[in-house]
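Visitor: Pasted the sequence and its predicted model underneath.
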Amino acid sequence: MSSSLFIVGDIGGVEYLFGFSKNKSVDEMKSWVPYIVAAISSAVNDLINLGATTLIVPGNYAVGCAPGYMTIFQSDNPADYDILTGCLKRLNKFTVYHNTMLMKELVKLRLLHPLANIIYADYYGAQSQLYLNKLDFPAPLYACCGGPGPYNSSLQCGVQGSQTCPNPENYISWDGGHLTEAANNAIANGILYGPFAFPPLKLDMFRSQSRMSENIRMCPIIHSTYNCMLCTV
């Protein structure tokens, strides 16, 4: 346990999507956040008590930019969309709220477990940067695999009538709800080597404990349901 890297999350995205799909108000959804954050905190606490010393706890993704969610919650009001990214502001603001509450909880956990290395992974921040990079991702708000519609996400990937783009490396979203290999690679690099881990993830800390750091790699997308960001071999 002490020589392993644990990734706890992301957790809560599916629950929040269910609430929004049932037309729950933002205020009502905010009342769910303490329970989900408490569940994450409990898992981290249990792992540390079992011997874990290094844990990455990710925040939630920018769901307001996911083509599937943008199709479900599309609006006729231009003010509902971020002027820079084109993403739905309401969903992303809620994600930021969840992530802020999670970061506050991690501060408490670090005080409770001063010998553990508890790292917050800013999936939201790392992903958000991709929507501003039109050179690497010229079709940021479209799903690579899906059906017709404003975000190519009116059909589920794999069903009859759906199509797959020939150049998934130009897309952030694979199927409207999961990321492409290219997007996962960029986000993973932002966590591993960039500014989106707090405190920074120092891969050297594993070399004296195990061979894990030598085996960290980006995994290919084998099945969209089982995307991963970090793999060990």
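Guide: The structure has been received and is ready for your questions.

Visitor: from here on, contacts and neighbour counts on C-alpha atoms
Guide: Fine.

Visitor: list the contacts for the residue positioned nearest the centre of the chain?
Guide: The centre of the chain sits closest to Tyr61, judged by CA atoms, centre = their mean, with a distance of 3.3 Å. Tyr61 sits next to Asp10, Gly13, Thr95, Tyr123, Tyr124, Gln127 when contact means CA atoms under 8 Å, 6 or more residues apart in numbering.

Visitor: Which two among those are spaced furthest apart?
Guide: Within these, Gly13 and Gln127 form the most distant pair, 14.9 Å apart (CA to CA).

Visitor: Mind listing what's buried along stretch 103-113?
Guide: Met103, Glu105, Leu106, Leu109 (16 or more other CA atoms under 10 Å).

Visitor: Any regions of the protein where pLDDT drops low?
Guide: Judged by pLDDT under 70, the chain has its weakly predicted residues at 202-233.

Visitor: And the contacts of the longest helix seen in the chain?
Guide: If you go by DSSP state H, the chain has its longest helix at helix 89-112. Helix 89-112 has contacts (CA under 8 Å, 6+ apart) with 26, 30, 33-34, 37, 41, 45, 59-65, 80-82, 116-118, 120, 124.

Visitor: Which of the residues you listed fall in helices?
Guide: Val26, Lys30, Val33, Pro34, Val37, Ser41, Asn45, Tyr124.

Visitor: still on that earlier bit, next one: the residue nearest to the centre of the chain from Leu112, what distance?
Guide: Separation of Tyr61 from Leu112 (CA to CA, to the nearest Å): 27 Å.

Visitor: How about Ile172?
Guide: Noted for Ile172: a distance of 38 Å to Leu112, by CA to CA.

Visitor: One more: Tyr69?
Guide: In this view, Tyr69 and Leu112 are 37 Å apart by CA to CA.

Visitor: What of Ser153?
Guide: In terms of CA to CA, Ser153 sits 44 Å off from Leu112.
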